[in-house]
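Visitor: sequence-free structure coming up:
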């Protein structure tokens, strides 16, 4: 997991591990979907249209 210390500085220290994200489409709208590396199941999805990706989460090819 990423460490977010010290609190209040709004900065992430390191990447989020054990997760990845992929660009998907929902009803023709581009969005980002977060996936667990351990189980392969989809964890969450940004509301469409989501032009911005998840912070600190690596992208899948």
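Guide: Yep, that arrived. Since the structure is predicted, the reported quantities are computational estimates derived from the model, not experimental observations.

Visitor: residues touching the residue nearest to residue 18 when sequence neighbours are not counted, list them.
Guide: Nearest in space to residue 18, with sequence neighbours left out and distances taken as CB to CB, 6 or more residues apart in numbering, is residue 37 at 4.7 Å. Backbone N, C-alpha and C define where each C-beta goes, glycine included. By CB atoms under 8 Å, 6 or more residues apart in numbering, the residues touching residue 37 are 17-20.

Visitor: hmm, which of those residues are the buried ones?
Guide: When burial is judged by neighbour count using 16 or more other CB atoms under 10 Å, the buried members of the contacts of residue 37 are 19-20.

Visitor: Turn the contacts of residue 37 into TSV, including pLDDT, distance to residue 47 and secondary structure.
Guide: As requested, the contacts of residue 37 are arranged in TSV below (pLDDT from 0 to 100; distance: CB to CB, whole Å; DSSP: H, G, I helix; E, B strand; the rest coil):
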residue	pLDDT	distance to residue 47	secondary structure
17	86	25	strand
18	91	24	strand
19	93	19	strand
20	94	20	strand
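
Visitor: Thank you, goodbye.
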